[in-house]
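Student: just coords:
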Ligand SMILES: [Zn+2]
């Protein structure tokens, strides 16, 4: 019986070295060290032997089983390693189809960040679901103001929205004026820019979207004037469009500024009129003004001592002017034919 064990050992080891894949190895495991395999069969036969032989054969038989199990694990490891190596070679990726790039709105927003940061502005970010208090009340927009109506605003908590504790999807980035001063404990002089997504109940067409991006600017010091505003904004647009751009201000009304104005820039693409400026040589680009004393008070800034300007423009509009996009709906269309043009 000892001879049988020896032969079994030789045969099992010989066959194991010629196992080339997982399937052959599994067949080998079942044949030799499985529950009904050759080693178990042989050990089952020792019951008729003398006690002394039982002890010796039992010991050698179990030692052989352990040895074969160990060799089986080693072989399994080697085969797994080989097959995973082959796997890497066999799988290839179509890299050309998978290359992505930034969305035109992201490109435009990054450029806005970059230019204002170079002019000394801090970049701030805030919530899209906003308290009515920040979206309206603290910006000097009283409860009876038509902009607070359900016709313009997506209400999150409509029951209490006319009280300061209601919730809305912010209709503008202007709440960031107060929020950033509070959150960053800003004290004049400071300049801050807050780009972000805003929401309006607009009838969607080629120039109106219910969701778009704005950038809000605020600059306060003891001496900040409209001349400072003109310089900063002309520098911004000239850098953005890489052209000599001037701005002009037209009187307008926004509750959170006094005086308020609409800002037009000279067309960066022509001298005598073109399609982009509708042959007027001017393009309307943002609303702005000197911060209303009530708003300064709401920032805990003394309006007797400090003054500043605020402005708000649309990132989407800048991107449309820059890239010559004639339909705002394309930004959210997910149409790759449109998006691929900005790679
Ligand atoms: Zn033009």
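Tutor: On my side now, so go ahead. Not measured: the values here are computed from a predicted model.
Student: going forward, measure contacts between C-alpha atoms and count neighbours the same way
Tutor: Noted.
Student: run through this structure and note the low-pLDDT ranges.
Tutor: Judged by pLDDT under 70, the chain has its weakly predicted residues at 84-98, 158-165.
Student: most centrally placed residue in it?
Tutor: The centre of the chain sits closest to residue 106, judged by Cα atoms, centre = their mean, with a distance of 10.0 Å.
Student: ok, that residue - contacts?
Tutor: With Cα atoms under 8 Å, 6 or more residues apart in numbering as the criterion, no residue contacts residue 106.
Student: and it, what element?
Tutor: Assigned by DSSP states H and E, residue 106 belongs to helix 104-118.
Student: how about residue 66?
Tutor: In this assignment (DSSP H and E), residue 66 forms part of helix 51-90.
Student: go through that helix and flag the buried ones.
Tutor: Buried positions in helix 51-90, judged by neighbour count with 16 or more other Cα atoms under 10 Å: 54, 57-58, 60-61, 64-65, 68-69, 72, 75-76, 79.
Student: ok, residue 71 to residue 283 distance?
Tutor: Between residue 71 and residue 283 the distance is 80 Å, computed by Cα to Cα, to the nearest Å.
Student: er, residue 317 I mean
Tutor: Per Cα to Cα, residue 317 is found 11 Å from residue 283.
Student: which of the two has more neighbours?
Tutor: Between residue 317 and residue 283, residue 317 has the larger neighbour count (other Cα atoms under 10 Å), namely 22 against 19.
Student: in three-state terms, label that one for me.
Tutor: For residue 317, the assignment made with DSSP: H, G, I helix; E, B strand; the rest coil gives helix.
Student: give the contact list for it.
Tutor: residue 285.
Student: ok, it to the ion distance?
Tutor: Residue 317 sits 15 Å away from the ion, going by Cα to the ion, to the nearest Å.
Student: do the same with residue 302
Tutor: 42 Å.
Student: residue 326 too?
Tutor: Going from residue 326 to the ion by Cα to the ion gives 15 Å.
Student: spatially nearest residue to that residue (excluding sequence neighbours)?
Tutor: residue 320 (6.6 Å; Cα to Cα, 6 or more residues apart in numbering).
Student: could you tell me which residues of the chain lie near the ion?
Tutor: Where the chain comes near the ion, counting by Cα under 5 Å from the ion, the residues are 267, 270, 273, 274, 277, 281.
Student: show me what contacts the closest residue to the ion within the stretch 51-200 of the chain?
Tutor: Nearest to the ion in the stretch 51-200 of the chain, going by Cα to the ion, is residue 108, at a distance of 20.2 Å. Residue 108 sits next to 315, 318, 319 when contact means Cα under 8 Å, 6+ apart.
Student: quick one: neighbours of the single nearest residue of the stretch 101-250 of the chain relative to the ion, just the number.
Tutor: For the stretch 101-250 of the chain and the ion, the shortest gap (Cα to the ion) falls at residue 245, measuring 11.5 Å. When neighbours are counted by other Cα under 10 Å, residue 245 registers 19.
Student: tell me where this structure has strands.
Tutor: Using DSSP state E, the strands of the chain run over 122-123, 129-131, 167-169, 190-199, 211-221, 247-252, 257-266, 282-291, 307-314.
Student: residue 175 is nearest to which of the ones you listed?
Tutor: When the strands of the chain are compared by Cα to Cα, strand 129-131 sits nearest residue 175, at 8.1 Å.
Student: list the strands paired with that closest one, with their directions.
Tutor: Applying DSSP bridges to the sheet, strand 129-131 is found paired with strand 167-169 (antiparallel).
Student: pull the residues that contact the strand it pairs with.
Tutor: Counting by Cα under 8 Å, 6+ apart, 128-132, 135, 153-158, 160-161, 198-199 sit against strand 167-169.
Student: now a PyMOL select for only the buried ones of the residues you listed.
Tutor: Selection of buried members from the contacts of strand 167-169 for PyMOL, criterion 16+ other Cα under 10 Å:
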select buried, resi 128+129+130+131+132+135+153+154+155+156+161+198+199
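Student: in stretch 4-21, what counts as buried?
Tutor: Buried-residue list, stretch 4-21, by 16+ other Cα under 10 Å: 5, 8, 9, 12, 16, 19.
Student: right, and the third one touches residue 62 too?
Tutor: What that stands for is residue 9. No - between residue 9 and residue 62 there is no contact under Cα atoms under 8 Å: 11.7 Å.
Student: ok, the residue lying farthest from the centre of the chain to the ion distance?
Tutor: Distance from the C-alpha centroid of the chain peaks at residue 50, with 77.6 Å (Cα atoms, centre = their mean). Distance from residue 50 to the ion, counting by Cα to the ion: 110 Å.
Student: so who does the residue nearest to residue 326 touch?
Tutor: Neighbouring residues of residue 320 by Cα under 8 Å, 6+ apart: 326, 327, 328.
Student: most neighbours, which of the residues you listed?
Tutor: residue 328 (19 neighbours).
Student: returning to that earlier point: out of everything not next to it in sequence, what's closest to the residue of the stretch 101-250 of the chain closest to the ion?
Tutor: Nearest non-adjacent residue to residue 245, counting by Cα to Cα, 6+ apart: residue 238, 5.0 Å away.
Student: wait, the one you found sits on residue 231?
Tutor: No - counting by Cα under 8 Å, residue 238 sits too far from residue 231 to count as a contact (10.5 Å).
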